[in-house]
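Enquirer: Here is a sequence together with a model predicted from it:
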Amino acid sequence: MSHVSIEQRVDQLQAGGIIDMHFDLPMDLYEKRAQSNVLATEFLPEFEAGGMGLIGAAIYIEDRYLPERGLQVALDQIARLYTEAEQSKRCVICRSHAEISRALDSKKTGFLITLEGVEPLGDDLDLLRTFYELGVRVIGLTHARTNAAGHGGIFAASGSSPEAAIWFASASDSASLSTLPTSIRPASRRLSISRPSHSLFRTRTPENFMTSSATSATNRSK
């Protein structure tokens, strides 16, 4: 029986800052694209007060933009996230294990770009490479709607392309996985799935969840 208290375990998990792998931030930045410094004025104070270290910034496309504008809005959301991050100077978009580590070490808020449903890709698998190059590292194949992935389409096989084989883990190379913080370290190359849960720390954007670790999604396999 371990004598480590719950408080000590929580402190260990949160040593580099709280990790939340799902927050619909880009959608809100896109809707407020006529404004500037939205991230710095509306969100960063709450992120910093809550001790957020790494946040999965989820690209989500609302029904009113589909199907004609799904790709455009997704790309615009990514553009807004990069613009706002550069303006703030207190956060950074992470595309690799090294960048995650630097963000945590520097006490900046790190963002890992995720995709909540593959509607922006339509049936064009080549766009997967495009989104990867733009910084997307985690994909939830389906969310509130059916799409090509949900019907067992082009993304049914996890090894259907080099990018899919990587499955967009939070580190881009397997040699670095063992050095990731425990709370975001994948235990295997199997696809991990997480569902929203009750929040310990919330902001104004709907459908987000803030948890003290990403345990359910990243550090165990089945």
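Expert: Everything's here; your move. Remember, predicted model here, so these are calculated numbers, not experimental data.
Enquirer: For the chain, which segments count as strands?
Expert: Under the criterion DSSP state E, strands of the chain are mapped to 18-23, 52-59, 91-93, 109-116, 136-140.
Enquirer: which residues are contacting the shortest one?
Expert: With Cβ atoms under 8 Å, 6 or more residues apart in numbering as the test, strand 91-93 has contacts from 39, 44, 47, 57, 81-82, 85, 99, 102-103, 108-113, 135. (C-beta placed from N, C-alpha, C; glycine too.)
Enquirer: shaky segments in the chain?
Expert: When residues are selected by pLDDT under 70, those of the chain lie in 1-2, 151-222.
Enquirer: Would you tell me which helix is longest in it?
Expert: Of all segments of type helix in the chain, defined using DSSP state H, the longest is helix 70-88.
Enquirer: and it, C-alpha only, in PDB?
Expert: This file holds the C-alpha atoms of helix 70-88, laid out as PDB (Å, rounded to 0.1, in the frame of the first residue of the first chain):
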ATOM      1  CA  GLY A  70     -15.800  23.800 -43.200                       C
ATOM      2  CA  LEU A  71     -12.300  23.800 -44.500                       C
ATOM      3  CA  GLN A  72     -12.100  27.600 -44.700                       C
ATOM      4  CA  VAL A  73     -13.300  28.100 -41.100                       C
ATOM      5  CA  ALA A  74     -10.900  25.500 -39.700                       C
ATOM      6  CA  LEU A  75      -8.000  27.100 -41.400                       C
ATOM      7  CA  ASP A  76      -9.100  30.600 -40.200                       C
ATOM      8  CA  GLN A  77      -9.400  29.200 -36.600                       C
ATOM      9  CA  ILE A  78      -5.800  28.000 -36.800                       C
ATOM     10  CA  ALA A  79      -4.700  31.300 -38.200                       C
ATOM     11  CA  ARG A  80      -6.400  33.200 -35.400                       C
ATOM     12  CA  LEU A  81      -4.800  31.000 -32.700                       C
ATOM     13  CA  TYR A  82      -1.300  31.700 -34.100                       C
ATOM     14  CA  THR A  83      -2.000  35.400 -34.400                       C
ATOM     15  CA  GLU A  84      -3.300  35.700 -30.900                       C
ATOM     16  CA  ALA A  85      -0.500  33.600 -29.400                       C
ATOM     17  CA  GLU A  86       2.100  35.800 -31.100                       C
ATOM     18  CA  GLN A  87       0.400  38.900 -29.800                       C
ATOM     19  CA  SER A  88       0.200  37.700 -26.200                       C
END
